[in-house]
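Novice: how does the following fold in three dimensions:
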Amino acid sequence: MTGVRCMLLRGGTSKGAYFLADDLPADPGTRDDLLMRIMGTPDPRQIDGVGGAQPVTSKVAIVAKATEPGHDIDYLFLQLGVEEPTVSDRQTCGNLLAGVGQFAVERGLVPAGEHRTTVRARLVNTGTIAVSTFATPGGEVDYSGDTAISGVPGTAAPVELDFTETEGSVCGSLLPTGHVRDNVGGIEVSCVDNGMPVVVARAEDLGITGYESAEELGADSALGERIDALRVEAGKLMGLGDVSGSSVPKTTLVAAPRDGGAICTRTFIPVKPHPSIGVLGGVSVVTALLLDGAVGRELLESPAEGEPVEIEHPSGKLAVAIEFDGSRVRRSTVIRTARKLFDGTVFPRP
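Specialist: Just a heads-up that it's a prediction; the model follows:
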């Protein structure tokens, strides 16, 4: 059996298989079939592959050296289904991005700095640029450190992720419906795309408190049906067409904070509760809540000027800093961590 060179990394609160583009088939259909066999899709346990049986662990990063000036590498993200035989490139992933720069250094695509390395990555899914900065003492990637992030046990080296020009990267504009607030099926929502298309609604408007655990939310089939109906209708308004088979837009329900943060969130991808919140999903949610007239704005405990917004989620908190230039988003910054789990050869299911 022929194996494929692969590195498994935890990036942020996700885990994924990282590949060089040259190590995979060039034809997308052949490539996707191979990746599903590697991950063990479709199967609710992904028992015959390296997937972790949930959306946040059924992810793939494909990295190539940049062929154009202005950035160092190209990063294509693919979300693989777990129970369904699907492979989607309709979104990117800011969590896996936390390990992309290190992977590029380890594979020799980018030279390491003596102390720290900065890698400019083009997010192929959206066409935007993200900048990742991480520790490389002595010219070697160092994953160890004392930075803790919610949803991940222990500590690791910090990874600073800067996003610019992410407005409308998927839908074409920051407010894809043309409005800060819309009514979808009797539910008030704000639809925002600042790197990730997200539908923001108040938790109480969907009949929950917003403080339930992910397990409690996952057991509520009626809520899942309402979430799906809401995001499918919102997807049409956002110019995404029929999203019934897509993982975007994400849906985030918000409630007043109760653990020292600025806002409490519960996110669904697309209807399965997220154990925390995605990086770019968090960026879009914070962006939405900072807009005058947005749904949930009245629930936000605004931080001091210049301080990041701390999002409460089921596993803890995520701090997101947003810089505005007038009415436009200038820059978004998030601190993540990453850790290499294995590097070797993965063997796909025949």
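Novice: quick one, phi/psi of residue 283?
Specialist: phi -60, psi -40 (degrees, to the nearest 10).
Novice: isn't it right up against residue 94?
Specialist: Yes. Using Cβ atoms under 8 Å, residue 283 is in contact with residue 94, at 7.2 Å. Heads up, the C-betas are built off the backbone N, CA and C, glycines and all.
Novice: overlap in contacts, these two.
Specialist: The contact sets of residue 283 and residue 94 overlap at 163, 195, 196, 334 (Cβ atoms under 8 Å, 6 or more residues apart in numbering).
Novice: quick one: mean pLDDT over stretch 40-59.
Specialist: The average pLDDT within stretch 40-59 is 97.
Novice: can you show me the CA trace of that stretch as PDB?
Specialist: Extracted C-alpha coordinates of stretch 40-59, given in PDB (Å, rounded to 0.1, in the frame of the first residue of the first chain):
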ATOM      1  CA  GLY A  40     -11.900   7.600   7.600                       C
ATOM      2  CA  THR A  41     -14.900   9.500   6.100                       C
ATOM      3  CA  PRO A  42     -17.800   8.700   5.900                       C
ATOM      4  CA  ASP A  43     -18.100   7.000   9.300                       C
ATOM      5  CA  PRO A  44     -19.400   8.500  12.600                       C
ATOM      6  CA  ARG A  45     -16.300   7.200  14.400                       C
ATOM      7  CA  GLN A  46     -13.800   7.700  11.500                       C
ATOM      8  CA  ILE A  47     -12.400   4.400  13.000                       C
ATOM      9  CA  ASP A  48     -10.500   3.500   9.800                       C
ATOM     10  CA  GLY A  49      -8.700   6.800   9.500                       C
ATOM     11  CA  VAL A  50      -7.000   9.600  11.400                       C
ATOM     12  CA  GLY A  51     -10.000  11.800  11.800                       C
ATOM     13  CA  GLY A  52     -11.200  12.500  15.300                       C
ATOM     14  CA  ALA A  53     -15.000  11.900  14.700                       C
ATOM     15  CA  GLN A  54     -16.000  15.500  15.000                       C
ATOM     16  CA  PRO A  55     -15.900  18.500  12.700                       C
ATOM     17  CA  VAL A  56     -13.000  20.300  14.600                       C
ATOM     18  CA  THR A  57     -10.800  17.200  14.100                       C
ATOM     19  CA  SER A  58     -11.800  16.300  10.500                       C
ATOM     20  CA  LYS A  59      -9.800  19.000   8.800                       C
END
